[in-house]
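Asks: Requesting a structural model of the entry that follows:
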Amino acid sequence: MFDKRPTHGRARDGTEWRTQRALALRGGLAGEHDGFMAEAYIVSAVRSPVGRRGGGLSGVHPADLSAHVMRAAVGRTQIDPQAVEDVIWGCVDQIGAQATNIGRTGWLSAGLPDSVPGTTIDRQCGSSQQAVSFAAYGVLSGQQDLVLAGGVEVMSLVPIWSPAAVGSAQGLGDPFAGEGWQARYGAEEVSQFYGAELIADRFGITREDMERLALASHQRAIAATAQGAFQAEIAPYAAAGGLVSVDEGPRPDTTLEKMATLKTVREGGRVTAAVSSQVSDGAAALLIASQSAVREHGLTPLARIHALTVVGSDPIVMLDGPIPATAKVLARAGLGIDEIDHFEVNEAFAPVVLGWLAATGADPERTNPLGGAIALGHPLGATGARLMVTMVHALRRGGGRFGLQTMCEGIGMSNATVIERC
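Replies: Predicted coordinates for the structure are as follows:
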């Protein structure tokens, strides 16, 4: 599945190799106004700190948190915000303060031009990674030149699964009660915790394996914070309780001994709260630009979007999609797994990452090297963009060339993206 011999893409020395099929596909994306093959560049990448549940960002309206990173992403480029052609925003639980198209209300809350439209999408936990993909597609097609993408989730205010829970309580039905779903899957449990246990079973992952990965996540995040690794990517937020300038999730006092005392989420299972991502609040944004926009506005590309894909997987196992997504995006990029310098694999649950490592043979030291969602948190609709922001800055700081991001998503899906540092 993970062939190390490239068939198309770009080699480390800058030379290019492409199959005829790849040439034809990419040739169809050439921007006529440029006279060159179309490219999509990340020219700004910024995020809020990630707040704990009930922490420093818990009282912030999601539209205001979105507005904060939108202003920061556009402001860092010093472009006229009127030049932005669309805002594509991820948010999973679109109810209450997060309802009614928060991509649009966030932009307007930022005081930015009302002539710029916005939309909000839900691909579950991959929502803002998909937002970046949709922005890139618009640019690569030659139809757009500047698109802002990202996402938000304030889980302290809007708990996970709120739309389904509130809808059910109001007699509006259940997402999995339709005849078609029932005929195909019956009453089989649809739960991320169940999926995490199934992956642990498949790969023979023990509770101790998970706890060691969780401890490493905290240790890496704490070290990265102490070294100032996140400073360039974070736009501090002046909340009512004071300035929030660092991620609140990492726990310096975490030990294997403490983790071992926790009860499992499911009776007889292995997954505990300690090896699961944290409930969090946060937002992140990236500005995607064409070659012509880079020239016209004097922008400095941070990274080039090299390859994109999204796959479906078993909705009951649910969380194993990053494995086929990684294989598919590497084939599209023409790269082998060993050619990737930095991996961001969302730590929704420890067995997701451990199973992915076992299946792909990727280097654990290059995987979530600054910590993952177990330590840094997982503000659902913001996480895909947060991972991308972190990866962009890490590649530029460390000098790596290629980065690969992938994440599991509810109901069995997964996005994967390869970027190349500029």
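
Asks: Downstream of the least confident helix or strand in the chain by mean pLDDT, the next helix or strand is which one?
Replies: Lowest on mean pLDDT, DSSP states H and E among the helices and strands of the chain sits helix 20-27, with a mean of 35. Of the helices and strands lying after helix 20-27 in sequence (DSSP states H and E), the nearest is strand 41-47.

Asks: I'd like the average pLDDT over that following strand.
Replies: Throughout strand 41-47, pLDDT has a mean value of 99.

Asks: Check stretch 100-118 too.
Replies: 98.

Asks: what's the answer for stretch 194-213, then?
Replies: Averaged across stretch 194-213, the pLDDT comes to 98.

Asks: residues in contact with that stretch?
Replies: Applying Cβ atoms under 8 Å, 6 or more residues apart in numbering, the contact partners of stretch 194-213 are 256, 259-260, 264, 266, 269-272, 274-276, 316-320, 347-355, 358-359, 374. Backbone N, C-alpha and C define where each C-beta goes, glycine included.

Asks: Check the gap between Tyr41 and Glu179 for me.
Replies: In this view, Tyr41 and Glu179 are 46 Å apart by Cβ to Cβ, to the nearest Å.

Asks: Those two: who's more crowded?
Replies: Tyr41 (23 against 7; other Cβ atoms under 10 Å).

Asks: helix or strand for the nearest residue to the more buried one once chain neighbours are set aside, which one?
Replies: Sequence neighbours aside, Pro301 is the residue nearest to Tyr41 in space, at 3.9 Å (criterion: Cβ to Cβ, 6 or more residues apart in numbering). Following DSSP H and E, one finds Pro301 outside all helices and strands.

Asks: Contact partners for Pro301?
Replies: Tyr41, Ile42, Val43, Ala289, Val294, Cys422.

Asks: quick one, helices of the stretch 1-150 of the chain?
Replies: For the stretch 1-150 of the chain, the helices defined by DSSP state H, counting those that start in this stretch occupy 20-27, 62-75, 102-109, 127-140.

Asks: from the ones you listed, which stretch is densest packed?
Replies: helix 127-140 (a mean of 27; mean count of other Cβ atoms under 10 Å).

Asks: returning to what we had before: and the contacts of stretch 194-213, which of them are buried?
Replies: 259, 269-272, 274-276, 317-320, 347-355, 358-359, 374 (16 or more other Cβ atoms under 10 Å).

Asks: Asp281 belongs to a helix, doesn't it?
Replies: No - assessed by DSSP: H, G, I helix; E, B strand; the rest coil, Asp281 does not belong to a helix; its assignment is strand.

Asks: ok, back up a step: most neighbours among the contacts of Pro301, please name it.
Replies: That'd be Ala289 among these, by other Cβ under 10 Å, with 28 neighbours.

Asks: Quick check: chain neighbours aside, which residue is closest to that one?
Replies: Val43 (4.6 Å).

Asks: quick one: contacts for the one you found?
Replies: Thr77, Leu287, Ile288, Ala289, Ala293, Val294, Leu299, Thr300, Pro301, Leu302.

Asks: Report the beta-bridge partner residues of the second one.
Replies: Under the criterion DSSP bridges, Leu287 forms beta bridges with Ser44, Leu148.

Asks: For burial, what's the neighbour tally of Leu302?
Replies: Neighbours of Leu302 using other Cβ under 10 Å come to 20.

Asks: Look at it and report its pLDDT.
Replies: 98.

Asks: My read is that it contacts Met391, right?
Replies: No - using Cβ atoms under 8 Å, Leu302 is not in contact with Met391, being 10.5 Å away.

Asks: doesn't Gly55 make contact with Asp247?
Replies: No - the criterion here is Cβ under 8 Å, and Asp247 misses it with Gly55 at 9.9 Å.

Asks: what helix or strand is the residue nearest to Gly321 when sequence neighbours are not counted on?
Replies: Once flanking residues are discounted, Gly321 sits nearest to Ser414: 2.8 Å by Cβ to Cβ, 6+ apart. Using DSSP H and E, Ser414 falls within strand 413-421.

Asks: Report the distance from that strand to the chain centre.
Replies: With Cα atoms, centre = their mean, to the nearest Å as the basis, strand 413-421 stands 9 Å off its chain's centre.

Asks: So which bits of that strand are buried?
Replies: Quick answer for strand 413-421 (16+ other Cβ under 10 Å): Met413, Ser414, Asn415, Ala416, Thr417, Val418, Ile419, Glu420, Arg421.

Asks: Stretch 91-101 too?
Replies: Buried-residue list, stretch 91-101, by 16+ other Cβ under 10 Å: Cys91, Val92, Asp93, Gln94, Ile95, Ala97, Gln98, Ala99, Asn101.
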